[in-house]
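1. pasted the sequence and its predicted model underneath.
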Amino acid sequence: MHVAFNEIKVLSIEDNEGDTLLIDDYLKEEFVDPKIIFVKSFAEAKLQFGKQDNFDIILLDLSLPDYDRKSLVENIIDNAGNTPVIILTGYADREFGVQTLSLGVSDYLFKDRLTAAQLFKSIVYSIERKKNIISLKEKNDLLSKLTNTVPIVIYQFEISVDGKMTFPFISEAIKKLTQNVNIEDLKNDATLIFANVHHDDLIKFLESIVESKVNLTEWAVEFRILKENNEIIWVKGISQPELKENGTVVWYGFLEDITAVKTSAEQLLMKNNELQKTNEELDRFVYSASHDLRSPLASILGIVNIAELSDTKLELNDALGRIKSNVKRLDDFIQDILNYSKNSRVKVENELLNWKLLVEETIDQLNFMVEASKISIEMEINDGFSFYGDEIRLKIILSNLIANAIKYQQPEKKNKRVSIKVNVQPDIVEIIIEDNGIGIDSKYKDRIFDMFFRASKGSTGTGIGLYIVKEAISKLNGTIQLETEVNTGSRFAITIPNKLIA
Ligand code: ADP
């Protein structure tokens with residue numbers, strides 16, 4: 001006797017009296033104390049389904065009066081849940097019997113050739129097989145639940161011998177990475193994903209697949225996905241290839257969104273570069289500042305020593321004059337440092353500006369230099385459009401450039417000239433400051449904007465002015481260009497965005 005199948009519960013759907021008796025006999029012959037419920041139609045069977053969740057097997061006769069065969073099988077399968085269904089059919093119906101297997105039936109038996117042993121074997125086999133199918137389905141469900149819960153994309157990718165690329169498995173997270181890609185379509189045609197890869201990364205991406213396929217080495221690549229809204233997602237993909245006997249190469253791996261990591265790494269790099277720049281500036285600053293602060297002080301000290309020994313008013317006045325110019329140098333230096341600090345700390349403003357006033361005020365403040373060097377200043381302001389911008393920084397730029405144009409004149413020249421042109425347009429303002437002074441040697445052209453750089457031996461300046469000009473222009477997202485020739489003059493051309501439209 002078969003202990004494992006004690007008290008088996010059977011639902012037999014059978015309208016033939018003789019067959020009912022036969023089935024009853026066979027079941028009792030093979031199983032210990034079977035519980036059998038006989039019904040004669042689908043309608044009666046349905047009543048049993050309401051109660052059943054514990055039939056071990058359903059035996060279905062195909063020739064019931066209340067249904068055609070195909071819908072009968074479909075309806076029973078629908079209602080049977082996890083209970084396996086065996087079809088009992090006439091030999092003449094064997095073709096249909098085979099078809100029912102694809103509808104989910106476990107087995108089919110020919111009634112006219114049925115034996116007790118055959119029925120037993122089919123029942124036992126069907127129950128075991130159903131158990132396996134259920135356990136397999138549970139494992140599948142578990143796998144897809146787990147893979148669909150994790151935020152990374154888990155996949156199996158295949159390239160067959162004829163080059164066809166498919167994803168036999170790809171988890172739901174792919175929907176977040178890509179757009180307009182249907183998972184089912186992607187499974188059949190993996191190349192659909194290529195359209196999502198950023199065009200600058202596509203060649204590298206495809207080459208890495210070929211390389212991994214040819215050498216059977218790990219596929220590990222970082223690439224960008226470009227979304228329709230121009231959002232860029234950084235993706236890291238890793239997978240291991242396996243060569244199957246039929247020549248297909250299969251990769252098992254994952255894709256991970258690493259945008260956050262990438263952006264913070266980029267930001268870190270940027271911050272690091274900024275910090276390095278500031279550090280270098282600070283170093284240079286400490287070195288030059290100590291020199292530039294000390295040299296006028298040392299001069300003053302020397303002049304005072306000489307003055308102490310002098311006994312004429314003339315000598316004393318001369319000493320005082322020299323002390324004054326050294327104090328002026330110190331003051332200029334401190335003013336430059338203040339401007340530098342203003343530019344880096346003060347917020348960029350956006351106010352309506354009057355260019356005529358701005359240029360005139362700047363020239364007024366430099367008047368003592370203009371008079372001393374007998375220079376003619378030409379001004380051409382074209383301000384037909386309103387201009388919105390940052391007054392503090394624009395003043396710093398103007399006053400440094402105009403002061404230099406005045407300062408670096410050729411002392412012997414007769415018609416010393418500085419020209420200032422301002423042309424306001426709706427999107428930018430163009431400023432041109434030109435002089436016919438000493439000019440700058442082309443080898444220094446790129447360096448004059450460096451901190452503390454002085455191109456001319458005679459310069460008494462601090463070497464900070466043009467550095468501040470460059471920094472201020474960069475804060476305002478503007479540009480500066482220099483054309484210059486030694487002994488002919490210099491021309492600084494600047495553009496600054498007009499925030500009128502911002
Ligand atoms: P400085 O305080 O020495 O004037 P800047 O940074 O303003 O410092 O200028 C750097 C150097 O560039 C100056 O020392 C000078 O040699 C050169 N330079 C700047 N502007 C002019 C100009 N308009 N003509 C000739 N040389 C200039």
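-> Perfect, I can see it now.
2. residues of the stretch 251-400 of the chain that sit close to the ligand?
-> Applying Cβ under 6 Å from any ligand atom, one finds that the stretch 251-400 of the chain approaches the ligand through N400. All C-beta atoms are positioned from the backbone trio N, CA, C, and that covers glycine.
3. one more time with 8 Å
-> Within reach of the ligand by Cβ under 8 Å from any ligand atom, the stretch 251-400 of the chain has these residues: D332, D336, N400.
4. pretty sure the first one belongs to a helix, no?
-> I take that to be D332. Yes. D332 forms part of a helix when assessed by DSSP: H, G, I helix; E, B strand; the rest coil.
5. which element, helix or strand, includes the closest residue in space to it that isn't next to it in sequence?
-> Leaving aside its sequence neighbours, D332 sits nearest to T462 (Cβ to Cβ, 6 or more residues apart in numbering; 6.5 Å). Following DSSP states H and E, one finds T462 outside all helices and strands.
6. which residues sit in contact with T462?
-> D292, D332, F333, D336, F452 (Cβ atoms under 8 Å, 6 or more residues apart in numbering).
7. could I get the residues of the stretch 251-400 of the chain next to the ligand as JSON lines with neighbour count?
-> Shown next, in JSON lines, are these (neighbours: other Cβ atoms under 10 Å):
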{"residue": "D332", "neighbour count": "18"}
{"residue": "D336", "neighbour count": "20"}
{"residue": "N400", "neighbour count": "23"}
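8. in this structure, where's the longest strand?
-> Criterion DSSP state E: the longest strand present in the chain is strand 232-243.
9. what's around E231, how many residues?
-> 10 (other Cβ atoms under 10 Å).
10. ok so, going back, just the closest of the residues of the stretch 251-400 of the chain next to the ligand to I87, please.
-> N400 (97.4 Å; Cβ to Cβ).
11. for that closest one, give me its contacts.
-> N400 touches N339, G465, L466, I468, V469, counting by Cβ under 8 Å, 6+ apart.
12. what two of those residues are the furthest from one another?
-> Checking the contacts of N400 with Cβ to Cβ, the most distant pair is N339 and L466, at 11.9 Å.
13. closest point of the stretch 351-500 of the chain to the ligand, which residue?
-> G461 (2.0 Å; Cβ to the nearest ligand atom).
14. wait, that residue touches M369, no?
-> No. G461 lies out of contact with M369 (Cβ atoms under 8 Å); the separation is 11.9 Å.
15. what do these two both touch?
-> With Cβ under 8 Å, 6+ apart, G461 and M369 have common neighbours K407.
16. so for these two, which residue has more residues nearby?
-> G461 (21 against 15).
17. quick one: residues contacting the more buried one.
-> Per Cβ under 8 Å, 6+ apart, neighbours of G461: D332, N404, K407, R454.
18. and N382, by the same measure?
-> Neighbours of N382 in contact, by Cβ under 8 Å, 6+ apart: K421, V422, N423, V424.
19. can you tell me the SS state at the first one?
-> Yep, that's K421 we're talking about. K421 - assigned by three-state DSSP - is strand.
20. test for you: state the pLDDT assigned to it.
-> K421 carries a pLDDT value of 98.
21. now it, which residues is it bridged with?
-> E380, I432 (DSSP bridges).
22. was I right about it contacting I431?
-> Yes. Taking Cβ under 8 Å as the definition, K421 is a contact partner of I431 at 7.1 Å.
23. compare these two (neighbour count), which wins?
-> Per other Cβ under 10 Å, whichever of K421 and I431 has more neighbours is I431, with 24 against 16.
24. look at the more buried one and report its pLDDT.
-> 98.
25. how about D33?
-> Value for D33, per-residue pLDDT: 89.
26. for it, which non-adjacent residue is closest in space?
-> The nearest residue in space to D33 (Cβ to Cβ, 6+ apart) is E7, at 5.5 Å.
27. tell me which parts of the stretch 401-502 of the chain are close to the ligand?
-> Counting by Cβ under 8 Å from any ligand atom, the stretch 401-502 of the chain sits next to the ligand at 401, 403-405, 407-408, 433, 435, 437-440, 444, 448-449, 452-456, 459-469, 484, 489-490, 492.
28. ok, of the residues you listed, which come out buried?
-> 401, 403-405, 407-408, 433, 435, 437-440, 448-449, 452-456, 461-469, 484, 489-490, 492 (16 or more other Cβ atoms under 10 Å).
29. contacts for the lowest-mean-pLDDT helix or strand in the chain, please.
-> Lowest by mean pLDDT, DSSP states H and E among the helices and strands of the chain is helix 367-373, with a mean of 77. Residues outside helix 367-373 that contact it (Cβ under 8 Å, 6+ apart) are I363, I377, A403, I406, K407, Q409, K416.
30. which ones among these lie within helices?
-> I363, A403, I406, K407 (DSSP state H).
31. wait, which of the residues you listed is closest to S135?
-> Relative to S135, and with distances defined as Cβ to Cβ, the nearest of the ones in helices among the contacts of helix 367-373 is A403, at 87.5 Å.
32. how near is the residue nearest to the closest one when sequence neighbours are not counted to L338?
-> Nearest non-adjacent residue to A403, counting by Cβ to Cβ, 6+ apart: L366, 5.6 Å away. As judged by Cβ to Cβ, to the nearest Å, L366 and L338 stand 17 Å apart.
33. quick one on the thing from earlier: from I397, how far off is the residue nearest to D332?
-> Taken as Cβ to Cβ, the span from T462 to I397 is 16 Å.
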